[in-house]
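Participant: Got a predicted structure here, sequence first:
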Amino acid sequence: MLTTLAMLISLSATPVMAQAGGGEVDVELVLAVDTSRSMDYEEVRIQREGYVEALKHREFIEAVETGLLGKIAISYFEWAGDVVPNSVIGWQVIETAQDAIDFANLLEARPINTQRRTSISAAIAQGATMIVANSYRGMRQVIDISGDGPNNSGNPVVPARDKAMEAGIVINGLALMLRPSGAPGGLDKYYADCVIGGPGSFVLPVHKIEDFAVAVRRKLVTEISGITPPATVQKAAGVPGTDCLIGEKQWQDLFDR
C-alpha cells in the first residue's frame with residue numbers, strides 16, 4: 001500500500017495529507033468535477049446546482065441510510081488542466097440528512113471559477129491520493145468524475161486510471177455531452193474505454209444541461225448503494241477501443257496548423 005501511495009502522490013498535482021478522524025464507512029467517495037472553460041459560466045453554475053440538489057435529495061440520504069453501516073465518507077474538488085487551487089473540500093462523514101445538507105452548503109458557498117485545459121489524469125491521481133491517504137476504511141472506494149472532453153493536458157489518462165485500479169479504487173464517469181467533444185464515437189465511449197475502471201464501473205451520458213441534476217443523483221445513489229447499473233451505462237465489451245490519446249493529439253494539431 002505504501003508503494004501504491006507513493007506512486008499516486010507522485011502523479012497528483014496537489015499534495016494530500018491523511019485526514020484526522022476516520023473509521024469504517026460503507027463508501028469512500030470523491031467527487032471530481034470538471035470546471036474547464038469548454039463550459040460557459042451558466043453551464044458550470046447549473047452543474048454546481050445539480051450537485052447541491054443531489055446531495056440534499058431524500059433519495060441520496062436514503063441510499064446512505066440503507067447501507068450496512070449507514071454512513072459514507074465524502075470529499076470534493078474541481079479540476080481543469082490541473083486540480084483547481086483551494087477547491088478541495090476535505091473528507092466529511094455523512095450519516096444523517098443534516099450531514100448531507102452541511103456538505104452541500106459547503107459546496108454551494110464556493111465561488112464559481114473556470115480554468116484552461118482538461119487533465120482527467122490529474123483528477124484521477126488527486127482523487128486516488130485522497131482515498132489512499134485518508135484514515136477511513138471503506139468497503140468500497142470510488143472516484144466520481146464528471147467532464148466534458150477527453151484528456152489533453154498533463155499525464156496520459158490510462159496509466160493514472162490503471163494505478164488507481166491497482167489500489168482497489170473504482171472510477172465512474174459522468175460524460176457531459178452538451179456539444180461535440182471531438183472524441184470519435186462520443187465522449188461516453190471515450191470515458192468507457194479510457195477513464196472508468198474497476199468492478200461495476202459505469203459511465204452516464206448527459207445530453208442536456210437541465211438533465212444534469214437527475215443524472216448526478218442517479219449516479220450517487222448507484223455508487224453508494226453498490227447496485228449494478230443498467231447495461232446501457234456499463235462499460236462496453238467486444239467493441240473497438242478508443243484512442244485514449246485523442247485529446248492530446250487534437251491539442252497538438254491545433255498548434256501544428
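Facilitator: Looks like it came in fine. All values derive from a computational prediction rather than experimental measurement.
Participant: and the strand or helix carrying residue 30, which strands flank it?
Facilitator: Here residue 30, judged by DSSP states H and E, is contained in strand 23-34. Counting by DSSP bridges, the strands paired with strand 23-34 are strand 72-79 (parallel), strand 136-147 (parallel).
Participant: Name the residues of the longest one that are buried.
Facilitator: By that I understand strand 136-147. By neighbour count with 16 or more other Cβ atoms under 10 Å, strand 136-147 contains the buried residues 136, 138, 140-147. C-beta: built from backbone N, CA, C; applies to glycine.
Participant: What is the following helix or strand past it packed up against?
Facilitator: Where DSSP H and E defines the elements, the next helix or strand beyond strand 136-147 is helix 157-166. Packing contacts for helix 157-166, counted by 3 or more Cβ pairs under 8 Å, 6 or more residues apart in numbering; DSSP states H and E, involve helix 2-11, helix 120-133, strand 170-176.
Participant: Least confident of those, on average?
Facilitator: Mean pLDDT per stretch puts helix 2-11 lowest among the helices and strands packed on helix 157-166, at a mean of 48.
Participant: re earlier: following the chain past the strand holding residue 30, name the next helix or strand.
Facilitator: For strand 23-34, the succeeding helix or strand toward the C-terminus, using DSSP H and E, is helix 41-56.
Participant: For the following helix or strand past that next one, list every residue counted as buried.
Facilitator: Once helix 41-56 ends, the next helix or strand along the chain (criterion: DSSP H and E) is helix 58-65. Burial within helix 58-65, assessed by neighbour count using 16+ other Cβ under 10 Å, is assigned to 60-61, 63-64.
Participant: and those residues as TSV, adding distance to residue 164 and pLDDT?
Facilitator: Listed next are these as TSV, based on distance: Cβ to Cβ, whole Å; pLDDT from 0 to 100:
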residue	distance to residue 164	pLDDT
60	24	97
61	28	96
63	23	96
64	23	97
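Participant: quick one: the spatially most central residue of the chain from residue 23, how far?
Facilitator: Centroid-nearest residue in the chain, with Cα atoms, centre = their mean: residue 145, separated by 1.9 Å. Using Cβ to Cβ, to the nearest Å, residue 145 is found at 26 Å from residue 23.
Participant: now residue 40
Facilitator: 41 Å.
Participant: Who does the residue nearest to the centre of the chain form a beta bridge with?
Facilitator: residue 32, residue 173.
Participant: I'd assumed residue 194 was in contact with it.
Facilitator: No. Contact status for residue 145 versus residue 194: not in contact, 11.4 Å apart, counting by Cβ atoms under 8 Å.
Participant: For residue 56, the count of nearby residues, please.
Facilitator: 17 (other Cβ atoms under 10 Å).
Participant: Pull the number of nearby residues for the closest residue to residue 139 other than its chain neighbours.
Facilitator: Excluding its sequence neighbours, the residue lying closest to residue 139 (Cβ to Cβ, 6 or more residues apart in numbering) is residue 26, at 5.6 Å. Residues contacting residue 26 under the criterion other Cβ under 10 Å number 21.
Participant: dump the residue contacts of residue 26.
Facilitator: Going by Cβ atoms under 8 Å, 6 or more residues apart in numbering, residue 26 touches 64, 67-72, 138-140, 224.
Participant: same thing but at 10 Å, please
Facilitator: 63-64, 66-73, 138-140, 224-226 (Cβ atoms under 10 Å, 6 or more residues apart in numbering).
Participant: now it: how far from residue 69?
Facilitator: For residue 26, the distance to residue 69 - Cβ to Cβ - is 5 Å.
Participant: what touches both of these two?
Facilitator: 138-139.
Participant: returning to what we had before: any residues in contact with both of residue 145 and residue 194?
Facilitator: 120, 161, 173.
Participant: hang on, the earlier thing: which of the buried residues of helix 58-65 lies closest to residue 82?
Facilitator: Each of those was scored against residue 82 by Cβ to Cβ, and residue 60 proved nearest at 29.0 Å.
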